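Asks: With the sequence up front, the predicted model follows.
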Amino acid sequence: MTEQTSSLSAALTTRLAPGSHIHLWLKARQSGSPARLTLTLDGHSAGEANTDNAAEFAFRLLEAHKGGSAVLAYDPATTELSAAYAFHPDQVMEEGIALLSHGPANAPPADLPLYHFTPPFGWMNDPNGFGRFGGSAHLFYQHYPHSLRWNNMHWGHAVSQDVLRWRHLPIFLFPNDELSKTAEGLGGAFSGSAIAEGDGSIRVFFTEQVKDREPEEQNQWSAVSTDGVTAGPAELVLPARPEGLNLTLDFRDPYVIKGPDGRFKMLLGSRDRDGGVVLLYETDDPQAATGWRYLGILHRENRFGMTAAECPCLVPLGPPEDAETRWALIFALLTSRCPQTGRRNLTIATVGRFDGQSFSPEFEQELDFATDAYAFQGFRDGDDTIAIAWLANWTDVSKKIDFHSAMTLPRRLVLEGDALLSPPIDAVETLRSAALDAGALQRPEGLALGDGAVEILLTATQAGAAFRLEIDHPDLTLGVEQTGDGLAILYGVPGDKPAPRYLARDAAAKEIRIFLDRGSIEVFADGGRWSGTKRLKSFAPAKAARLTSGGDLLEAKAFALAL
């Protein structure tokens with residue numbers, strides 16, 4: 001990390017293998033005084049990075065051809081460094097990047113989540129391109145590297161085998177050159193998806209947003225990565241909205257899948273005068289690169305005061321080639337509000353049949369009763385359908401408040417009768433590092449929660465048994481309870497306005513799994529029949545948990561969790 005070598009210079013020191021790459025972002029402190037950073041290897045000059053831009057950090061690449069003891073030096077009076085990391089292209093998929101530096105504006109909190117995915121620095125929102133390619137799971141995500149606030153969008157990138165333990169890879173997509181010159185938040189590489197090409201490459205699809213661009217602020221682009229790490233040049237694949245539908249400028253978040261008829265399909269979120277719509281396209285191109293044609297409106301939603309449909313996702317709940325397989329259509333209802341509970345930005349899952357041309361709904365349900373699982377994205381992973389979401393909600397985001405977030409635990413999507421279950425993937429049990437004394441939940445002092453990463457499993461003697469679990473947190477009111485109204489996450493911030501009611505109405509659960517981490521609580525009842533996710537407005541660890549009522553109707557287990 002940074003060492004102050006004098007009052008006028010700063011340096012990053014590390015050791016690099018021959019052929020290593022360094023990604024860094026620097027900015028001039030003031031116009032007319034260029035920023036400059038030098039690289040030396042074993043005391044010999046090996047390159048430098050420069051920029052005149054004082055409005056936004058400029059991306060630069062340095063290569064350590066010979067390797068050795070590396071020093072990156074700059075004058076902090078003229079040069080501001082946002083972030084720097086190193087990697088070797090031949091080993092990065094197995095080793096990830098080595099973070100060298102970040103600044104105070106983009107630093108993660110001191111109390112990081114301990115088992116949820118977080119970026120190494122900067123802002124994160126929607127998951128993108130979630131899938132398995134070449135045997136490894138890839139997670140791309142909306143990212144702004146230089147602060148903890150939303151701005152011009154990049155795609156961050158990570159890779160995993162078990163979808164729980166991730167290695168950070170180099171940033172994958174960047175805003176176009178013009179947007180990269182300023183930090184005005186005019187757009188960038190918005191959300192999208194990824195598919196596997198036949199040659200082992202990954203093709204990604206994304207929306208490019210440029211505010212006030214005419215005639216289209218948003219259109220759809222595609223790029224190919226042959227190594228799974230670096231994106232090739234992006235090409236425009238859908239330049240404009242379909243005509244004659246009276247759509248707003250909202251036209252984004254391409255989700256591409258292969259349909260049951262063998263053709264690639266693209267879903268896009270949009271809006272017309274009546275509410276949100278999900279648009280459907282298809283192509284005969286086996287590479288999904290060209291020939292996209294509009295088929296029609298796949299689904300319409302105009303309840304809850306919503307505006308645009310965001311981040312549509314359509315996943316099979318069984319073998320996609322089987323005509324009996326049901327599909328789940330999931331999308332976020334931007335600006336929606338539940339009138340009974342006050343919760344905002346709901347996510348609805350509609351289950352039905354999809355023949356490649358149309359979707360026939362059979363039933364629908366809300367996917368998360370606490371709503372802080374936003375922008376769900378899923379894929380078929382072997383015999384399972386799994387999904388992940390942004391562990392946050394736009395109602396928490398402020399242009400004046402720095403904001404750090406995580407991704408949810410990955411979840412399976414399971415059809416059971418007329419219900420879509422969303423339990424955590426089975427592999428979460430590998431996070432259990434030690435059994436805890438769950439009997440302490442019924443003692444006055446409660447169960448000590450250690451570092452704040454804990455799973456609590458409550459099993460009632462009968463479905464719907466009433467209980468109340470209170471969780472001691474230094475900054476919040478927190479708990480879980482079940483009453484005649486249903487299952488609820490109790491949440492409040494002293495001094496803030498009252499929180500919405502995070503309630504699964506009429507739930508009568510028998511088994512409740514509660515996952516606590518720094519910054520979040522996730523509740524899964526009866527195998528995910530009811531799932532609730534709440535981002536906590538503090539990353540301080542919870543201290544203890546106790547059953548203040550209903551303990552005589554419950555059996556309890558508890559586990560410390562760690563990656």
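Replies: Happy to help now that I have it.

Asks: switch to C-alpha atoms for all contacts and neighbour counts from now on
Replies: Will do.

Asks: tell me the pLDDT at the spatially closest residue to residue 513 that is not a sequence neighbour?
Replies: The spatially closest residue to residue 513, leaving aside those adjacent along the chain, is residue 457, at 4.6 Å (C-alpha to C-alpha, 6 or more residues apart in numbering). Note for residue 457: predicted pLDDT of 98.

Asks: Adjacent strands (with direction) for the helix or strand containing residue 457?
Replies: Assigning secondary structure by DSSP states H and E places residue 457 in strand 454-460. With DSSP bridges as the test, strand 454-460 is paired with strand 511-517 (antiparallel), strand 554-561 (antiparallel).

Asks: Now the helix or strand following it - C-alpha only, PDB.
Replies: Sequence-wise, the next helix or strand downstream of strand 454-460 (DSSP H and E) is strand 467-472. Only the C-alpha atoms of strand 467-472 are listed here, as PDB (Å, rounded to 0.1, in the frame of the first residue of the first chain):
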ATOM      1  CA  PHE A 467     -41.800 -16.100  18.400                       C
ATOM      2  CA  ARG A 468     -39.600 -13.000  18.700                       C
ATOM      3  CA  LEU A 469     -35.800 -13.000  18.200                       C
ATOM      4  CA  GLU A 470     -34.200  -9.800  19.300                       C
ATOM      5  CA  ILE A 471     -30.700  -9.000  17.900                       C
ATOM      6  CA  ASP A 472     -28.400  -6.600  19.800                       C
END
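
Asks: how about the residue nearest to residue 513, what does it touch?
Replies: Residue 457 makes contact with 511-514, 556-558, according to C-alpha atoms under 8 Å, 6 or more residues apart in numbering.

Asks: pretty sure residue 301 contacts residue 273?
Replies: No - judged on C-alpha atoms under 8 Å, residue 301 makes no contact with residue 273 at a distance of 11.4 Å.

Asks: When those two are compared, which one has more neighbours?
Replies: residue 301 (19 against 11; other C-alpha atoms under 10 Å).

Asks: Excluding chain neighbours, what is closest to the more buried one?
Replies: residue 276 (5.2 Å).

Asks: Which helix or which strand is home to the one you found?
Replies: According to DSSP H and E, residue 276 maps onto strand 275-283.

Asks: ok, residues contacting that strand?
Replies: Contacts to strand 275-283, defined as C-alpha under 8 Å, 6+ apart, come from residues 263-271, 290-303, 306-309, 312, 333.

Asks: after that strand, next one along is what?
Replies: strand 293-301.

Asks: Which neighbouring elements make contact with that following strand?
Replies: Using 3 or more C-alpha pairs under 8 Å, 6 or more residues apart in numbering; DSSP states H and E, the elements in contact with strand 293-301 are strand 275-283.

Asks: what about the strand it packs on, distance to the chain center?
Replies: Relative to the centre of its chain, strand 275-283 is centred 23 Å away, using C-alpha atoms, centre = their mean, to the nearest Å.

Asks: what lines up beside it in the sheet?
Replies: Here, using DSSP bridges, strand 275-283 pairs with strand 264-272 (antiparallel), strand 293-301 (antiparallel).

Asks: quick one: buried residues of the last one?
Replies: Judged by neighbour count using 16 or more other C-alpha atoms under 10 Å, the buried positions of strand 293-301 are 294-295, 297-301.

Asks: Just the strands from the stretch 251-400 of the chain, written as ranges.
Replies: According to DSSP state E, counting those that start in this stretch, the stretch 251-400 of the chain carries its strands in the segments 251-258, 264-272, 275-283, 293-301, 309-316, 327-333, 347-354, 359-366, 374-381, 384-391.

Asks: Kindly list the single helix or strand of the chain that scores lowest on mean pLDDT.
Replies: Lowest mean confidence among the helices and strands of the chain (mean pLDDT, DSSP states H and E): strand 2-6, at a mean of 41.
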